[in-house]
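# heads up, no residue letters with this:
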């Protein structure tokens, strides 16, 4: 008497089980194992030292929630075939597979203009070839070309298992309780009506809490001033390194990173260039982190200064405000220019400004529908006395300015 | 080497410590020990079987939070004397001491028109006499006559330790995660400015979560249809028992309950009648519960029917809605009248309607002030992009109708 | 699309589901609902104020664990029919149904010599009659006459779901973390070999932890000096009340309690006397607690003194030791006799001694078998380097003496 | 009104506070920040994907527990000066500062014969020089030359805050509940008698649980077969890389790693060679991990094979047993030799054997003393009916053999 498959100890959910042989093949694939070396929250660990969890663990967790969601729907009488079940599990397992290390920063520098979704697609296709078509249906779910819409909605919508896992997991690892959601209750309240994913009326409060939790996590964690500061610093380091590389200077780099520092690509290159994709697939957090450590000793003073700031955690000072920052920006620029005695063109490495945005509930995105007892379906923002009312549905934009501490 | 005082194991906070001898005297007093037999959530255990915790545990928990709140304020440099510390701890320890069993129901029946706050006052004064003035300052804090306003605000305001404990504790014991609040973070963000309790700007999100959690607990737990139904049934049972008693019929009752069934009082009586207060002080949940069990066999059919409904958990059916219930009410009344063949005057025992209300944030009550970094103080509903915006600050009223299942 | 059955919020496990209609009928039965008014840990709440949870919640929790255990075994390929599944769930749901309020104390006084197991049997038979044989198979499981031994072992053995739930639940409600067990891991390691319940070899450590947790809970909670003291006091109160009743004195009592105070029974009476069983079925914690409160004013000084000790929590002082207590006992007896000036025959109400016992792992009871990878089965105390070695398998007896504080 | 110092969100303890300016200086030092890039559990994340927490977080956590321990002792009347408090906090903060990445593996290869304790010493001295003697007293505590013995015992003994934190934290991040300890209760039971750290008698059960939890964590996590396998593989990779380097071959390496691959050192070198220490201080997990990834493509087939095994998680198969493994070892050696066709000298890269040990309670180490109520002190293994009896105090040795999967 023995059960098949694999049981993994997950600190967030306890034991999670992967009984499907096909899933294990996908998990064991090097493209998936690569996610072990990509932290889910990038630089946020500088603020939240516990938050060093990986995209690997997040992907497993989201896949677990997908299984629970579908189990619930099946228990309610929905007909979900083994193939569909598997396809949805694989689709969510692979939804982040194309992420670069420190995704946000790299998408603004070394792989400018190439989205991780595109690369996820390419990686899935490559794996699918290897596996002889095993991922066909999963890819259809991922791309929203599968006839059962709700499968895609579970992978990607405002109430998908991706968000459920990352809110939960990021809360768990940061220790910020504001993001804890009652995911088990939400899962139990899911239903499918007219082919679409919905929430039963009595689950309204749990979903409201979920939306509010996400909003709070944004302001408290994802857009935390110091996290923002570290991300901008990382972008500037990579920009500078690239600038130096393209001008022909020598820089320490792992082979994969070297490839991206000394060459330029766009989305099309990725689709046509197998070698490029392979290099990308061997790039992870460690390449970046180790290089920054070594660049502290580089002869270029701007690069070495920025890298020392990162390693010694002497980050930019950041202001985040609803007011205009134009004047403050001009003032700081002047000050830094005087003190550092650098070229105008290089000033942006030490002082910059921008906009941080957060939408609590996006009414133009894949919306959350409530299946009312009466039989009709209503948007979560249109029930009686919603928390997610018009005021909250407007996205918030805040201006920031960040500058080197002098 | 030995520490003074008492350590109590609390499932919500772990070890909680009462090192002050004066506190232990208060805790050991029979008027406080009485709270061991008064459940915090009354009839809610019919819906949430885990929620059988007592006002005794809640009061200890709130007292623990008061200590933590004041410790924080002291660590921030606020001058709090030992006497003030003790007074605030005693005030919150005793804030619920006047509660009747199933408070809400009894205040609508046996002690109609007498609030538990009034009786808390009388009990405190009685204890104070016994203790030779030990509670003078605590009573001042409770009554808001103490010069340090923030002490009273910690006892009673929209951000008091009473709410913090009960939200936390009720969540813990019901298993409804929607009410979990980050109380430790809120406590760490408290500050005093211009003599008033405030929250530091960076604590805004925690307070927002607190307010939303309270709102969700109201709809999900405190105003849960079945909880409402059980409370109305209890009120009707006590009304009927009283009616029979005043008409001279014999009813089983414990001595204390007998006193309240067969006599009538108003608030003034309590102030002038020591015996009455003593009877009140020996009344708890057990007197009510045991009597209802026994009244199942009473000869009055209305009383016995209602009691059987309670014991066998065959509660009224309840509808809770934003729409009018007038028509439904008339219809159900007619139906029940026909079926039960009872007098018009007695119909209200089997069908009734009313309004349930919930305010998320009451702008006319003791408001929550945020101490902004700039130095000014702003209401929580007036910060940039508040969650507690105008829409949420409007109290919600819902109509309900409840009627016997036929 | 709607799921059948009932979902209950349990603070220990979260949502627990009862989809079987038959189970709901059993849960709704008055004999089962009665457990709402019987606390799982009796007087222990005097020491652990949070520990007011009921046998009702424990029974639901154990039933939930039974479902999870059987789901695991089924996932491993074991053939369990719906009827067997249901029978095991009902058997564990009803395993405590015969408990008296404050079971231990009552079994030493009012229903001397009648075990709660006997009454559970009688109640099950009564319910089975009402339900037209619905419980036949459940009763077979309970009585260990069912051909599938492992079903009974899950209900009652040294690794049954009863223990798993009460250790977990009592830990949760007392706040004593020593009793927390990894129940989900144990459940996942269960297996059936040669028809018997066993644990897979890799689950050995989880089971060792379970056994140690149980041992620690005994010393820390169940045999806690103050808990012991309160139980002995309760026994003495009931003994005295009975003595007075049988000698013809008037005592306040609810009808059910009155019946047990003024009459004498043995196990045979219960089997032959339907009325007796009915009275028993309407007895719960509230009858006892309310009477003790009222007996504080009784004219018999011994009874009133003992009741005041209980209500005001001025319990006996207790010593628990491996040494002999004979001398201390004689000394205290003398002292109390002098001070209280009472008859020799009544001395035992104020000073007494006895033995408290605890077995970590009982090698003569239903033992815990480990299914080794090699295919053989080994007792948990006979694996390589067991924690539960010979030294730990010897039951521990401690002497206690308890006496009134003077 | 503003509190000094820093508050850090720790997922294990919630908010932890560092109000002392001196501590913040130590935390901000690059030698301490380096621990951000050294995982606490090394390769264990291959088995427990959540367990990617760092020595940085562990050190902060242990420092937090030290503060709580000393606060308890102070509350019990022990005189602890601010300087002593600070010294103990710094000593524990820095206790792991000398750890290499993947400490166990490196101490068997690149820095053979140099213990991390020695390097911790050297790092502390270096920091102390920079800080002008600030760490004098902390170093005395660390070295056990401080007159107050109990301070050192809190840093390093069988009941130190180091173990308390790592058991707790490793349990939390692996999701293995067997290691959860009631640390708060243990801390509250600490006392100092005759200058030595002890546990109050009533804390015996908590300490017993602590010792058992540690034993279970060893078998379940630290000595888990797959964890062992990954560690041996890492040792073999580093051995091979070094062999190649010393024979003059080119290998990718970061500057710091290059230094250790191409040179040889002993403990004396570290004491005399500032440059060596500096290189050591810039070595962390990323250097190792990134190199292994790149070495997959190295021309040496043994190195590339081993590295591919690691990256693709195709680890050695391991048997762990109380029996002899001599025969199995010989058999596997023969088999692998045939299949791989490699030199005898290189066989050990693919098959090896050894002994894994674990002591539950080491009676020759710094023992755990219980302060009995009678006033005397007793070893935890000598109380009445100890769990940690003679049988458990004997260290356990298990033989293992590990070999490449063919």
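Good, I have the coordinates. Owing to the predicted nature of the structure, the values given are computational and were not obtained by experimental measurement.
# now stretch A:180-192, how far from the chain's geometric center?
22 Å (Cα atoms, centre = their mean, to the nearest Å).
# could you see whether chain B lies near it?
Yes - counting by Cβ under 8 Å from any Cβ of the partner chain, chain B is contacted by stretch A:180-192 at A:180, A:182, A:185. For the C-beta atoms, the positions are set from N, CA and C on the backbone; glycine is no exception.
# and that stretch with chain C, contact?
Yes - interface with chain C: stretch A:180-192 contributes A:184-185, A:188, A:191-192 (Cβ under 8 Å from any Cβ).
# was I right about residue A:260 contacting residue A:288?
No - at 10.2 Å, residue A:260 does not count as touching residue A:288 under the criterion of Cβ atoms under 8 Å.
# got the buried residues for the lowest-mean-pLDDT helix or strand in chain A?
The helix or strand of chain A with the lowest confidence, counting by mean pLDDT, DSSP states H and E, is helix A:390-393 at a mean of 79. Residues of helix A:390-393 classed as buried: A:392-393 (neighbour count, 16 or more other Cβ atoms under 10 Å in any protein chain shown).
# between the one helix or strand residue A:173 maps to and helix D:161-174, how many degrees?
Assigning secondary structure by DSSP states H and E places residue A:173 in helix A:161-174. Interaxial angle of helix A:161-174 relative to helix D:161-174 (axes from the mean of the first three to the mean of the last three Cα atoms, to 10 degrees): 180 degrees.
# quick one: low-confidence residue ranges for chain A.
A:1-4 (pLDDT under 70).
# residue ranges of the strands in it, please?
Along chain A, the segments classed as strands by DSSP state E run A:6-10, A:14-18, A:190-193, A:196-200, A:317-321, A:351-358, A:369-371, A:377-379, A:396-403.
# residue numbers of chain A in contact with chain B?
So chain A meets chain B at A:176-178, A:180, A:182, A:185, A:205-206, A:208-209, A:212-213, A:215-216, A:219-220, A:322, A:384-385, A:387, A:389-392, A:396 (Cβ under 8 Å from any Cβ).
# go back to those and keep what's next to chain D.
Okay, of these touching chain D (Cβ under 8 Å from any Cβ), that's residue A:176.
# from the residues of chain A next to chain B, which would you call buried?
By 16+ other Cβ under 10 Å, these give A:176-178, A:180, A:182, A:185, A:205-206, A:208-209, A:212-213, A:215-216, A:219-220, A:385, A:387, A:389, A:392, A:396 as buried.
# run a quick neighbour tally on residue A:164.
Residue A:164 has 24 neighbours, counted by other Cβ atoms under 10 Å in any protein chain shown.
# likewise residue A:295?
Counted with other Cβ under 10 Å, the neighbours of residue A:295 add up to 23.
# for residue A:399, what are its contacts?
A:320-325, A:353-356 (Cβ atoms under 8 Å, 6 or more residues apart in numbering or on different chains).
# make it 7 Å
A:321, A:324-325, A:353, A:355 (Cβ atoms under 7 Å, 6 or more residues apart in numbering or on different chains).
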